[in-house]
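Novice: Test case, fold it:
(2 chains)
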Amino acid sequence: MNLPKLAFKNTFRNRTRAMLTIGGVAVLVVAFIFLRTVISAYRDTAQNARTDRLVTRNRVSLALSLPLADFEKIKSVPGVTAVTYTNWFGGTYIDSRHFFARFAIDPDTYFDVFKDVKVTPQALGAFKEDRTGALVGEALAAKYGFKVGDVIHLKGDFYPGDWAFTVRGTFKGVNSFQDDGMFMQWKAIDQSLPDAQRGTVSQYTVLVKDADRSSQIAKAIDAQFASSANETLTESEQSFTLGFLAGSAAIISALDIVSLVLIVIMLLILGNTLAMAVRERTGELAVLRTIGFKPNTLFVLALAEGLWLSLIGGVVGAIVARPVISAFLKAASGFVTAASGDAWTLPALLVAVGVGLLAAAIPGYRASTINILNALRRAE
Amino acid sequence: MIPFSYSVRSLARRPLTSVMTVGGLSLVVFVFAAMLMLSRGVHDAMAKNGSPKNAMILRDGATSEAVSAVSRDQFRLLQASQEVATDTQGAPLIAGEIVVISDLPRSGAGPDAPGANVGIRGIMPSSLAIRDTVKVVKGRLPRPGTLEVMVGSAVEGRYKGSRLGEGMSYARREWPVVGVFSAGGSAFESEIWGDQQTIADAYNRQGFTDVVLRLKDPGALPALSARLAADPSLSTLKPWREDLFFDAQSETLRQFIVGLGAFVTVIFALAAGFGATVTMYSQVANRLREIGTLRAIGYRRFPVLSVFLREAILLSVLSGVIGMAAASLLSLASFSTLNNQSFTQISFHFHFGLDVALWAVTFSLAMGLLGGFVPALSAARQGIVNAVRAR
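Specialist: From the prediction side, this is the model:
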């Protein structure tokens, strides 16, 4: 019998205890994968943001708009290759629980700036044709089952009234927030406003030729409007997104802490089980030492037992995590955008295994340093 | 009956196992209590924000105050409504307000650090009579027609220049902070209040975002609603009961926190239950001989069961107290996050109370009993002969 096999047999000698420990580890692994998935759904939005794209908005507040007349001025700033403008449509779909991003875009310029947003020429063509058309993100389409030709009814807030948009196609967004959102035409919503309020945009997005010069270009854009009624604030898409997410930073750090606490609890459960296993087998370990096993071997034996427990628990947890996470994300769709837990499966397994080894350290050390004589006496 | 000290000493004989079990359980209780305190805090902040005696009038379809609009003409018509209560001088208790969101730098942050979206409310003198939970705790009220502002207690010190006597700069103006107000722990405390007209001018706005009024009779809301719908110049407006409006404003955030709290608690309880069961089972397995001896010298099954159950209870009550005590320290901290419905920053307190303490200890005790009962039962059911023979 080789060492891993002996460790495996040892692991399951007390079947109830092994099962309970594996159950505990599995539950914690599910929670760990889940929390990390939620956290990275927030963070990947910022990580995918680019430095060669700039966002220009009203310096006073994101809630205030800029005149459409700024478009040409921004475009004429040296180093700028393309400019587009978007408005936050807001509104309500069914009720506040069905929250997703709704942007009014200019279909003629949007995809020149957002080259990484993927849309087929047919879908884009059909969208441009229809003043009340909409493009929906792939994640959003999957969530609500939107198909081409479906009508999405929204109740407006910034743009009052009842709105109906016809789905003309889907797009693949650059991050989960965008992919879980929809586009409508800026012209359609602008025309719904009274004359005096028309021609405003929430933000400009600017593509620059050279990302290294983006901070100079940002300053040059802001300088254009320094003494105007609507001063601008231009920053890279990345810092804009980080600023946007900073509001929820407290929740994210709380989740971070909870996910660390999960690891500590896993450590305690595994450590406890292994400590018991070693204590129970004191006599047996003494016999092994007597017949020539080295202290190191006994240490490794304990480690291997920790490894088995955490590995099996981890694998069970990873399998269970998939349906649990997709069910929760469906229920919490108002707050967390679509994400899948797959990316965190392997890291969670590694964490579990690491914790298993760590938890085995003290019991393993005890196993390797037992006093043979005392142990044998007690075992007799 | 077997003396109580027997159980205490048997725990003390296995310090490593006992400490690990208590450590794990108290962490679980800590997180459970923290989640409970947070969802209580969110509820406090939002439900206390409004009074059932007040009505808020917004544009129909508006999902938050900042995206609503009420014109001056509409406000004048509303002032004359018969549903509005009057103060002792006979003036109607109604105020047109403006809520704008401003991006303010946090105190101590560098020039490039992201700011936070803070709600700024332009009020009329009558606003304070209507919102009677608002109390000036430091300094004084801002004078009408000036740039003076008072800040909520959750704003004070959190943003640049937000302390009493300092000045905040936004919308290209300097706003002297002349007062700090509290509002019974509600989300108003996360706002900055100043003069309605001055703020509207600074933000280039016409009219109001919403209107708040005290109802003569709290049951008059349906009548007001029907009258607005029938009047062609007011039919774009919709009245809300103030407390229900603010409650609805935090719905997704609250659901998220409560849902997450429930998820985390269930996971932790399961894990802790497994952990406690493991400990107690192995206690039983390790002590078969002891169990056999107890039975052989005449103790019946029940006292044996109670020995093990008492150990489980001891462990869980100890963990409950430790976890709860640690969580109570959180009530010193507050938690600030973005409400994605109103798009403004709101602070919550972890609300610690006797009920939270009781829940935490009960929760811990329940886990101990669940984890300890089956092993204790198996201890009581051991046959005497086999148990005495065990190694």
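Novice: Could you pull out the buried residues of stretch A:68-83?
Specialist: A:68, A:70, A:71, A:74, A:77, A:80, A:82, A:83 (16 or more other CB atoms under 10 Å in any protein chain shown). C-betas here are computed from N, CA, C, even on glycine.
Novice: Could you look up the SS state of the fifth one?
Specialist: What that stands for is residue A:77. Under DSSP: H, G, I helix; E, B strand; the rest coil, the three-state class of residue A:77 is coil.
Novice: hang on, it packs against residue A:224?
Specialist: Yes. Between residue A:77 and residue A:224 there is a contact under CB atoms under 8 Å: 6.8 Å.
Novice: Would you map the strands across the stretch 151-300 of chain A?
Specialist: Along the stretch 151-300 of chain A, counting by DSSP state E, counting those that start in this stretch, strands occupy A:151-156, A:161-172, A:181-185, A:200-201, A:203-208, A:232-236.
Novice: got CSV for these, with mean neighbour count, distance to chain B and mean pLDDT too?
Specialist: Putting the strands of the stretch 151-300 of chain A into CSV (neighbours: other CB atoms under 10 Å in any protein chain shown; distance: least, CB to the nearest CB, whole Å; pLDDT from 0 to 100) gives the following:
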stretch, mean neighbour count, distance to chain B, mean pLDDT
strand A:151-156, 17, 5, 93
strand A:161-172, 19, 7, 94
strand A:181-185, 25, 14, 95
strand A:200-201, 20, 11, 92
strand A:203-208, 23, 13, 95
strand A:232-236, 22, 8, 90
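Novice: will you turn these into CSV that also has distance to residue A:6?
Specialist: Below are the strands of the stretch 151-300 of chain A laid out as CSV (distance: least, CB to CB, whole Å):
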stretch, distance to residue A:6
strand A:151-156, 62
strand A:161-172, 52
strand A:181-185, 56
strand A:200-201, 70
strand A:203-208, 63
strand A:232-236, 58
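Novice: Please name the residues that touch residue B:114.
Specialist: A:239, A:242, A:243, A:244, A:246 (CB atoms under 8 Å, 6 or more residues apart in numbering or on different chains).
Novice: Quick check: it is in a strand.
Specialist: No. Counting by three-state DSSP, residue B:114 is located in no strand; its state is coil.
Novice: ok, it to residue A:62 distance?
Specialist: For residue B:114, the distance to residue A:62 equals 11 Å [CB to CB, to the nearest Å].
Novice: got it, and residue A:173?
Specialist: On the measure of CB to CB, residue A:173 and residue A:62 end up 20 Å apart.
Novice: These two: which has the busier surroundings?
Specialist: residue A:173 (25 against 21; other CB atoms under 10 Å in any protein chain shown).
Novice: Angles on the backbone of the more buried one, please.
Specialist: Torsion angles at residue A:173 (phi, psi; degrees, to the nearest 10) stand at phi -80, psi 170.
Novice: coming back round to it: now, which of the buried residues of stretch A:68-83 lie within helices?
Specialist: Judged by DSSP state H, helices contain the following of the buried residues of stretch A:68-83: A:70, A:71, A:74.
Novice: Can you tell me which of these is nearest chain B?
Specialist: Here the nearest of these to chain B, counting by CB to the nearest CB, is residue A:70; it sits at 15.8 Å.
Novice: Looks like the closest one contacts residue A:232 (just checking).
Specialist: Yes. Residue A:70 sits in contact with residue A:232 when judged by CB under 8 Å, with a separation of 7.4 Å.
Novice: can you list residues touching both of the two?
Specialist: Shared contacts of residue A:70 and residue A:232, defined by CB under 8 Å, 6+ apart, are found at A:56, A:224, A:225.
Novice: Looking at neighbours, which among those is most surrounded?
Specialist: Result: residue A:56 is most packed of the shared contacts of residue A:70 and residue A:232 (other CB under 10 Å), 25 neighbours.
Novice: Quick check, that one in contact with residue A:66.
Specialist: Yes. Applying CB under 8 Å, one finds residue A:56 in contact with residue A:66, separated by 7.3 Å.
Novice: what is in contact with those two at once?
Specialist: In contact with both residue A:56 and residue A:66: A:203, A:204, A:232, using CB under 8 Å, 6+ apart.
Novice: Bridged to the nearest residue to the first one once chain neighbours are set aside, which residues?
Specialist: What it means is residue A:203. Spatial nearest neighbour of residue A:203, chain neighbours left out: residue A:57 (4.5 Å); criterion: CB to CB, 6 or more residues apart in numbering or on different chains. The partner list for residue A:57 in beta bridges (DSSP bridges) reads residue A:203, residue A:233.
Novice: again with the one 10 residues further on
Specialist: Taking DSSP bridges as the rule, residue A:67 bridges to residue A:200.
Novice: can you pull the pLDDT of it?
Specialist: Per-residue pLDDT puts residue A:67 at 93.
Novice: gap between it and residue A:313?
Specialist: In terms of CB to CB, residue A:67 sits 60 Å off from residue A:313.
Novice: If you count surrounding residues, which of the two has more?
Specialist: Neighbour count, other CB under 10 Å: between residue A:67 and residue A:313, residue A:313 has more, with 28 against 14.
Novice: correct me, but that one touches residue A:24?
Specialist: Yes. Contact criterion CB under 8 Å: residue A:313 and residue A:24 qualify, at 7.2 Å.
Novice: Quick check: the gap between whichever residue of the stretch 51-200 of chain B sits closest to chain A and residue B:63.
Specialist: At 3.1 Å from chain A, residue B:114 is the closest residue in the stretch 51-200 of chain B, using CB to the nearest CB. To residue B:63, residue B:114 is 24 Å away according to CB to CB.
Novice: Residue B:374 now?
Specialist: Distance from residue B:374 to residue B:63, by CB to CB: 51 Å.
Novice: Checking whatever residue of the stretch 251-391 of chain B ends up closest to chain A next. Helix, strand or coil?
Specialist: Nearest residue of the stretch 251-391 of chain B to chain A: residue B:338, at 2.8 Å (CB to the nearest CB). Using three-state DSSP as the criterion, the local structure at residue B:338 reads strand.
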